[in-house]
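Enquirer: Give me a 3D structure for the following:
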Amino acid sequence: MSTFLLEIVTPERKVYAEQVNMISVKGSEGELGILPNHIPLVTPLRIAPITVKKTGSKDEVIAVNGGFMEVRKDKVVILAESAELPEQIDIDRAKAAKDRAEKRLADTKQDNVDFKRAEASLQRAVNRIGVSGK
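Expert: Residues are numbered from 1 along each chain as shown. A predicted model of the protein is given here:
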């Protein structure tokens with residue numbers, strides 16, 4: 001089966017760079033599955049996990065917190081605001097962030113800027129907890 005290079009890059013570092021068979025991501029308009037030789041595409045990404053499939057190994061899941069994905073014939077580049085592999089996630093910190101965000105959401109009106117920030121913070125925390133598997 002053919003493969004393509006997947007690179008996940010944040011402002012701080014390159015998080016992931018490997019040959020893969022398929023990835024599944026959540027774009028702004030819905031879920032996308034990318035296979036080798038996919039039509040070129042650029043799309044914004046939601047705060048959601050990315051599933052990576054490679055031949056002969058278990059699926060990998062990576063927490064990606066927004067950004068953009070560029071698909072080329074033989075390469076996919078994800079420019080993310082932040083991204084973490086499961087072993088890099090501090091589960092206690094993620095749970096504390098989730099609790100703080102939930103408290104702020106309960107104390108804030110929906111049309112407030114702080115509500116939107118708290119909502120995004122909650123999504124990031126839930127994404128991290130889900131990817132960590134704990």
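Enquirer: Would you map the strands across the protein?
Expert: For the chain, the strands defined by DSSP state E cover 4-9, 14-20, 22-27, 30-34, 41-53, 60-71, 75-80, 83-84.
Enquirer: taking these together, which one is wrapped up most tightly?
Expert: strand 83-84 (a mean of 22; mean count of other CB atoms under 10 Å). To be clear about C-beta, it is placed using only N, CA and C from the backbone, and glycine gets the same treatment.
Enquirer: Partner strands of it, with direction?
Expert: Using DSSP bridges, the strands paired with strand 83-84 are strand 60-71 (antiparallel).
Enquirer: What residues does residue 24 make contact with?
Expert: 31, 32, 33, 34, 50, 51, 53 (CB atoms under 8 Å, 6 or more residues apart in numbering).
Enquirer: Setting the sequence-adjacent residues aside, check what's closest to residue 74.
Expert: Take residue 74 and drop its neighbours on the chain: the residue closest to it by CB to CB, 6 or more residues apart in numbering is residue 4, 5.2 Å away.
Enquirer: hey, what's the one you found bridged with?
Expert: Per DSSP bridges, residues listed as beta-bridge partners of residue 4: residue 20.
Enquirer: That one contacts residue 18, doesn't it?
Expert: No. Using CB atoms under 8 Å, residue 4 makes no contact with residue 18, being 10.1 Å away.
Enquirer: quick one on the thing from earlier: out of the strands of the chain, the one nearest residue 101 is which?
Expert: For residue 101, the closest of these is strand 41-53, at 12.1 Å, according to CB to CB.
Enquirer: Give me the angle between the closest one and strand 14-20.
Expert: Per axes from the mean of the first three to the mean of the last three CA atoms, to 10 degrees, the angle that strand 41-53 makes with strand 14-20 is 80 degrees.
Enquirer: Please name the strands paired to strand 41-53 in the sheet, noting orientation.
Expert: Counting by DSSP bridges, strand 41-53 is paired with strand 22-27 (antiparallel), strand 60-71 (antiparallel).
Enquirer: can you list the ones you listed in JSON lines and add distance to residue 40?
Expert: Below are the strands paired with strand 41-53 laid out as JSON lines (distance: least, CB to CB, whole Å):
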{"stretch": "strand 22-27", "distance to residue 40": "14"}
{"stretch": "strand 60-71", "distance to residue 40": "6"}
